[in-house]
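> pasting the sequence and the predicted model now:
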Amino acid sequence: MEALNIPTTPSLMRDFLRQAGGAAVIDGGLATELERHGADLNDPLWSAKCLLTSPHLIRSVHLDYLEAGADIIITASYQATIQGFEAKGFSREESETLLKKSVEIALEARDIYYERCNKNSCDGLGDGRILKIRPILVAASVGSYGAYLADGSEYSGDYGDAMTIEALKEFHGRRVQVLAEAGPDLIAFETVPNKIEAQAYVELLQEEDIKIPAWFSFNSKDGINVVSGDSLLECASIAESCKQVVAVGINCTPPRFIHELILAIKKVTTKPIIIYPNSGERYDADQKEWVGDHALTNEPNAQENTGVSDEDFVSYVSKWCEIGASLVGGCCRTTPDTIRAIYRTLSPRSPDPPMQ
Ligand SMILES: C[S+](C)CC[C@H](N)C(=O)O
Ligand SMILES: N[C@@H](CCS)C(=O)O
Ligand SMILES: [Zn+2]
């Protein structure tokens, strides 16, 4: 079934937000849910490993998020790269097929969701599932080069002095083309940790004339700059300069930093602001697991590393929207319960009447 009235031009995001009543809900942690359902992500491919081992599970997690009220679902391609698949012994062609598959799975989930809505329309009644026909977007995830390194480098943004914009364009180029050709509504450049990667993405979008609109989402560990220490204002300005970019914001960052980060981004962007924080826990890249304060007893700030409850997470959401966010969801360690709570907080949203 076709998605409802989804425009494909740069006005996509504004039109979509208008139809959503001014604010839209993004999904929550994908890898988090894959793990919660038993997937072992202790692998260089991390969540992209499930493209090989359990595509049905990816589809079912996308469906869980749609039924929790998400208006946008993000594909399982965060750590899916041609280089990463080739290192596992796949050919170039097989690697590209796997990338495409991440988008196909999400598009399939959206079709199944619409079928379920047609059979049984409800808005969070009964079993809590939200089965409501509405425009739904599929965003193809592009995780950073640091994610591919599989050592937590997306939380340092430190790629060494020898790294160049050209090398990053070379790394991501074919991957972005293949994902764009697979037919998503958006490309989600997620967890962007530094300025050179933002610049590389902009140049790729422009030089390759990528027709799919994109969002840029940075991460921060101090509420001021992006994780590398590069200026958030400069990073957001780079995104602002690109016509294919339809939203700019922050993901996989503790909720307590988000307020100040929105205020900073607002100074340099006219585009919708997107926010999908993590739970506030910290990632241990060696063990490939998230740790709370129980594992950080020697740290003076141990309490601050504890994940927030869904209730606390959602207590921030209205304020984030009041000061300028218009797309809100969750990243690592958030679940369909978090997204359901965000949906409830942002509802009822009365959509504007269609434009004449
Ligand atoms: C957003 S982090 C939790 C993703 C996983 C990381 N790149 C790793 O491979 O360990
Ligand atoms: N879309 C990815 C982001 C990881 S930071 C996920 O939710 O697993
Ligand atoms: Zn995350």
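Everything's here; your move. Ligands and ions are numbered 1, 2, ... in the order given.

> the closest residue to ligand 1 within the chain - how many residues pack around it?
In the chain, the residue that lies nearest ligand 1 is residue 150 (3.5 Å; Cβ to the nearest ligand atom). From N, CA and C alone the C-beta is placed, and that goes for glycine too. As a burial measure, residue 150 scores 16 neighbours (other Cβ atoms under 10 Å).

> quick one: residues contacting it.
44, 45, 46, 79, 285 (Cβ atoms under 8 Å, 6 or more residues apart in numbering).

> I'd say the last one and residue 151 touch.
Yes - under the contact definition of Cβ atoms under 8 Å, residue 285 touches residue 151, with a separation of 5.2 Å.

> who touches the residue nearest to residue 134 when sequence neighbours are not counted in this structure?
Closest residue to residue 134 apart from its sequence neighbours, by Cβ to Cβ, 6 or more residues apart in numbering: residue 71 at 6.4 Å. By Cβ under 8 Å, 6+ apart, the residues touching residue 71 are 16, 20, 24, 25, 26, 134, 135, 136, 137.

> shaky segments in the stretch 151-300 of the chain?
293-300 (pLDDT under 70).

> what number of residues lie near the residue in it that ligand 3 sits nearest to?
Closest to ligand 3 within the stretch 151-300 of the chain is residue 252: 3.2 Å, counting by Cβ to the ion. Number of residues near residue 252 (other Cβ under 10 Å) recorded here: 27.

> OK, contacts around it?
Counting by Cβ under 8 Å, 6+ apart, the residues that residue 252 touches are 154, 190, 191, 219, 276, 277, 278, 331, 332.

> of the residues you listed - the most surrounded one?
Result: residue 276 is most packed of these (other Cβ under 10 Å), 31 neighbours.

> beta partners for that one?
Here residue 276 sits in beta bridges with residue 251, going by DSSP bridges.

> residue contacts, it?
Per Cβ under 8 Å, 6+ apart, neighbours of residue 276: 26, 28, 217, 249-252, 327-331, 334.

> swap in residue 169?
200, 203, 204, 207.

> let's see it at 7 Å
If a contact means Cβ atoms under 7 Å, 6 or more residues apart in numbering, then residue 169 has 200, 203, 204 as its contacts.

> now swap in residue 191 and tell me
So residue 191 contacts 143, 144, 147, 154, 217, 219, 251, 252 (Cβ under 7 Å, 6+ apart).

> look up how far residue 275 lies from it.
As for residue 191, its distance to residue 275 is 13 Å (criterion: Cβ to Cβ, to the nearest Å).

> can you check residue 314 too?
13 Å.

> looking at these two, which one has more neighbours?
residue 275 (29 against 23).

> shouldn't that one be in contact with residue 328?
Yes - checked against Cβ atoms under 7 Å, the pair residue 275 and residue 328 is within contact range at 5.2 Å.

> joint contacts of these two?
residue 320.

> could you find the closest non-adjacent residue to the residue in the stretch 151-300 of the chain that ligand 2 sits nearest to?
The nearest approach of the stretch 151-300 of the chain to ligand 2 comes at residue 252, 4.1 Å away (Cβ to the nearest ligand atom). Closest residue to residue 252 apart from its sequence neighbours, by Cβ to Cβ, 6+ apart: residue 331 at 4.1 Å.

> list the residues that contact the one you found.
Neighbours of residue 331 in contact, by Cβ under 7 Å, 6+ apart: 29, 251, 252, 276, 277, 278.

> what do you get for residue 216?
Contacts of residue 216 (Cβ under 7 Å, 6+ apart): 189, 192, 198, 201, 239, 245, 248.

> among those residues, which are in helices?
Here DSSP state H is the test, and these give 198, 201, 239 as lying in helices.

> tally of neighbours for the second one?
Counted by other Cβ under 10 Å, the residues lying close to residue 201 total 28.

> go on, the last one?
Here the count is done by other Cβ under 10 Å, and residue 239 has 28 residues near it.

> my read is that it contacts residue 248, right?
Yes - the pair residue 239 / residue 248 is scored as a contact, 4.5 Å apart, by Cβ under 7 Å.

> which residues sit against the helix or strand hosting residue 258?
Assigned by DSSP states H and E, residue 258 falls within helix 258-268. Here helix 258-268 makes contact (Cβ under 7 Å, 6+ apart) with 220, 223, 232-233, 236-237, 240, 248-250, 273, 275, 277, 316, 319-320, 323-325.

> filter these down to the buried ones.
220, 223, 232-233, 236-237, 240, 248-250, 273, 275, 277, 316, 320, 325 (16 or more other Cβ atoms under 10 Å).

> of these, which are in range of ligand 1?
Contacts with ligand 1 within the buried ones among the contacts of helix 258-268, counted by Cβ under 6 Å from any ligand atom: none were found.

> which parts of the stretch 101-250 of the chain sit against ligand 3?
Counting by Cβ under 5 Å from the ion, the stretch 101-250 of the chain comes close to ligand 3 at no residue.

> residues from the stretch 101-250 of the chain in reach of ligand 2?
Going by Cβ under 6 Å from any ligand atom, the residues of the stretch 101-250 of the chain near ligand 2 are 141, 190, 191.

> residue 166 - how many residues pack around it?
Residue 166 sits with 11 neighbouring residues when counted by other Cβ under 10 Å.
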